[in-house]
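Participant: need coordinates for the below:
(chains A and B)
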Amino acid sequence: MSINQSGWRPEMGNSGNGCGGPATYTGNRALMLEEPLLFEIGKLSNTGLDIEEVKAPASRLGGLERKADIGLPGLSEPETVRHYTRLSRQNYAIDLGLFPLGSCTMKHNPRLNERVARMPGFADIHPLQPVDTVQGALEVIHQLAHWLVTLTGMHSVAMSPKAGAHGELCGILAIRAALEARGDTRSVILVPESAHGTNPATAAFAGYKVENIPATKDGRVDLAALQERLGPDVAAVMITNPNTCGLFERDMKAISDAVHAAGALVYCDGANFNAIVGRVRPGDLGVDAMHINLHKTFSTPHGGGGPGSGPVVFSEALTSFAPLPFVEKTADGFALVEEETAGEHHARSFGRMVAFHGQMGMFTRALAYILSHGADGLKQVAEDAVLNANYILRSLEDVLDAPFAASGPCMHEAIFSDAGLAEGFTTLDIAKALIDEGYHPMTMYFPLVVHGAMLVEPTETESKDTLDQFIGALRSVAERAKAGDEALKGAPYYAPRRRLDETQAARKPVLVWNEPQQAEAAE
Amino acid sequence: MSRYFTEDHEWIDLDGDIATVGITDYAQGQLGDIVFVETPEDGKQFAKGDEAAVVESVKAASDVYSPVSGTVTEGNSALDDNPALVNEDPEGEGWFFKLELRDAGELDGLMDESKYKKFVESL
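Facilitator: Numbering: from 1, shown residues only, chains lettered A, B, ... in the order given. The predicted model follows:
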């Protein structure tokens, strides 16, 4: 018995998939290989290694040692490699096609970045090496920091946070340290509805009470409602700009001025910085802290392809509270400013976010991206990302409801709702049908302010031809959903698995693999 | 026994000074298949508008706010094993929690069934 009970399986032959050919002996269909679980291929009695039996020393665990076999399947190296390579062929990736996942910025990862990151001077070093042996790596961090501060118009940057939400926490902890330093006990953080979902979670995690600020009908922060709520208990406002409705917060400067006048600070979620890089400097808009997702704006791999990296830029007011370490340029070269060497100019630092210095592999890639594009190239990145999103928005607004179509041009992502689909047809049906069309679906049911939201972010990577093909596919699927084509309810038909029962999977998840005889005995 | 409704799509049944709180049929329809419900512990005190419970569907996780102030006397433990009750019988077996009402005056601004029906139609 295999764990996955749904969808197409080899024993079902070719029925139900419309292939029409004869059944195969193996159940495989040419390059479409059915792959069992690792546990189902490997035998518990096998081993892929040829090492001598080790005589274990007497246990000193006092009876707590493991008594039974650990139960891991034994496989050879080629069996293991093939297993994961076969599975990877059932996956979708940015290297296979357009990846329209909104809010995720799935842009191309240039191969030049990879070449730079693999240079031994960057790839084969250790964070505890003496600093005089890693001067080149420190210079990369220092140069990247310089460009991030320059591009954002801010005062300083903390390079160590490891991803977006980690960066948010870093920013909010700096804000808290600044407020505490002046004896201020403000306890509320305001988060507009148009902000990223991680913002309220970050504020709550940092010990603040979270309050919502409603969005206006056109999908932006309600400035009047915000001004009304500001008061001596408000520590900060967290604003995502461009926001998660894909719109630029035009009132950002007025919002920052009002927040500062009330004695609070402005956190900006900079996850969508790719839409404005080279065009807008958040520092000019009154932002006090903002994280930058190197894995989005600056093209470092993510979504299973690599770790995130979320440096946080600070205004002058927050700079002295920023976390350690820093890289500083001295007369003797580059130095790491840590607790022992912080001295007076970093004495108010709130502490550290991580043990070492951040994601070195992402720093090298991001700097390669910045330097290879140059100032004009980065500006064009933002322009093309926005142009592509608007092309999608305007090409589909006649067939899909676009709730903010009248709110002006969108930024990096286009948003549609499920209004106008035939009775009983949902955003989920459209997403599943896109799988059959050979695309990873767009982000769905987010943001929450849009009913049955479909959030599409093409990024600057895509050519007009690629966009036209995607638009054609989405148009075709949307028309079928409006016409009430029942076949849509069964999609996907051509994926390695048919539509999975997500409800049952969440309600009664099967989290443990049991040997077949055990599983049968338990039934 | 009388039933009240809030603009956040919760219903409140009042029996003496014990209020039973749940989410409306409209709310469960919007959320879709519910996969997890976290109800509050006995004795927990809420002010009106406090986050009291969490409901998670295949689409989203949402907070349920306490529509009135009071002390929790019971969370619906049946939802731990069977969150689908909220989809099947939202305004009956799928109730979330009961609380001892602190101020009956807080019920004044709430809607009755016909008003709530009109409110939903206006959305």
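Participant: so which bits of chain B are right by chain A?
Facilitator: Neighbours of chain A within chain B, by Cβ under 8 Å from any Cβ of the partner chain: B:Asp33, B:Val35, B:Phe36, B:Glu56, B:Val58, B:Lys59, B:Ala60, B:Pro83, B:Ala84. C-beta coordinates here come from the backbone N, C-alpha and C atoms, glycine included.
Participant: centroid-nearest residue for chain A?
Facilitator: Against the mean C-alpha coordinate of chain A, by Cα atoms, centre = their mean, the closest residue is A:Cys104 at 5.1 Å.
Participant: tell me the pLDDT at it?
Facilitator: Each residue has a pLDDT score; the one for A:Cys104 is 91.
Participant: and the one 4 residues further on, by the same measure?
Facilitator: A:His108 is assigned a predicted lDDT (pLDDT) of 96.
Participant: pretty sure it contacts A:Ser299?
Facilitator: Yes - using Cβ atoms under 8 Å, A:His108 makes contact with A:Ser299 at a distance of 6.9 Å.
Participant: let me see the contact set for the residue of chain A most remote from its centre.
Facilitator: Note on chain A: the largest C-alpha distance from the chain mean falls to A:Ala58, namely 47.4 Å (Cα atoms, centre = their mean). With contact set as Cβ atoms under 8 Å, 6 or more residues apart in numbering or on different chains, A:Ala58 has no partners.
Participant: ok, it to chain B distance?
Facilitator: 45 Å (Cβ to the nearest Cβ, to the nearest Å).
Participant: just the element for that residue, please.
Facilitator: Using DSSP states H and E, A:Ala58 falls within no helix or strand.
Participant: check the closest residue to B:Tyr116 other than its chain neighbours and give its pLDDT.
Facilitator: Nearest residue to B:Tyr116, sequence neighbours excluded (Cβ to Cβ, 6 or more residues apart in numbering or on different chains): B:Phe5, at 3.6 Å. For B:Phe5, the model assigns a pLDDT of 96.
Participant: which strand residues bridge B:Phe5?
Facilitator: When assigned by DSSP bridges, B:Phe5 has beta-bridge partners B:Trp11, B:Met111.
Participant: gap between the two ends of stretch A:112-131?
Facilitator: 26 Å (Cα to Cα, to the nearest Å).
Participant: tell me the buried residues in that stretch?
Facilitator: Going by neighbour count (16 or more other Cβ atoms under 10 Å in any protein chain shown), the buried part of stretch A:112-131 is A:Asn113, A:Val116, A:Ala117, A:Phe122.
Participant: in strands only, show me these.
Facilitator: Nothing among the buried residues of stretch A:112-131 maps onto strands, per DSSP state E.
Participant: sorry, back to before: quick one: secondary structure of the residue nearest to the centre of chain A?
Facilitator: At A:Cys104 the chain is in coil, as set by DSSP: H, G, I helix; E, B strand; the rest coil.
Participant: where do the strands of the stretch 251-400 of chain A begin and end?
Facilitator: Secondary structure of the stretch 251-400 of chain A (DSSP state E, counting those that start in this stretch): strands at A:265-270, A:289-292, A:312-314, A:326-330, A:333-337.
Participant: those strands: which one's closest to chain B?
Facilitator: Of all these, it is strand A:265-270 that lies closest to chain B, at 19.0 Å by Cβ to the nearest Cβ.
Participant: strand partners (parallel or antiparallel) of that closest one?
Facilitator: Here, using DSSP bridges, strand A:265-270 pairs with strand A:234-240 (parallel), strand A:289-292 (parallel).
Participant: what bridges to the spatially most central residue of chain B?
Facilitator: The centre of chain B sits closest to B:Gly22, judged by Cα atoms, centre = their mean, with a distance of 2.5 Å. Bridge pairing for B:Gly22 (DSSP bridges) gives the partners B:Trp11.
Participant: residue contacts, it?
Facilitator: B:Glu10, B:Trp11, B:Val86, B:Pro90, B:Glu91, B:Gly94, B:Trp95, B:Phe96.
Participant: from chain A, how far off is the fourth one?
Facilitator: Separation of B:Pro90 from chain A (Cβ to the nearest Cβ) stands at 16 Å.
Participant: neighbours around the residue nearest to B:Tyr116, how many?
Facilitator: Each residue near B:Phe5 was counted by other Cβ atoms under 10 Å in any protein chain shown, and the total is 23.
Participant: before we move on, what about A:Ala473?
Facilitator: A:Ala473 has 17 nearby residues by other Cβ under 10 Å.
Participant: that one should be in a helix, yeah?
Facilitator: Yes - counting by three-state DSSP, A:Ala473 is part of a helix.
Participant: how far away is A:Ala23 from A:Pro458?
Facilitator: In this view, A:Ala23 and A:Pro458 are 40 Å apart by Cβ to Cβ, to the nearest Å.
Participant: then B:Ala27?
Facilitator: B:Ala27 is 34 Å from A:Pro458, by Cβ to Cβ.
Participant: who has more neighbours out of the two?
Facilitator: Using other Cβ under 10 Å as the criterion, B:Ala27 and A:Pro458 rank with A:Pro458 on top: 28 against 21.
Participant: list the contacts of the more buried one.
Facilitator: Contacts here follow Cβ under 8 Å, 6+ apart; on that basis A:Pro458 touches A:Leu98, A:Pro100, A:Ala385, A:Asn388, A:Ala389, A:Tyr391, A:Ile392, A:Leu467, A:Phe470.
Participant: tell me which two of the residues you listed sit farthest apart.
Facilitator: A:Ala385 and A:Phe470 (15.1 Å; Cβ to Cβ).
Participant: who's more crowded, these two?
Facilitator: Neighbour tally, A:Ala385 and A:Phe470, criterion other Cβ under 10 Å: the higher count belongs to A:Ala385, 27 against 24.
Participant: so the more buried one makes contact with A:Glu460?
Facilitator: Yes - using Cβ under 8 Å, A:Ala385 is in contact with A:Glu460, at 4.3 Å.
Participant: touching both of those two, which residues are there?
Facilitator: A:Lys107, A:Asn274.
Participant: what segments of chain B are helices?
Facilitator: B:25-31, B:78-81, B:85-88, B:113-121 (DSSP state H).
Participant: what average pLDDT does the last one get?
Facilitator: Helix B:113-121 carries an average pLDDT of 94.
Participant: state whether A:Pro200 is indeed within a strand.
Facilitator: No - using three-state DSSP, the assignment for A:Pro200 is helix, not a strand.
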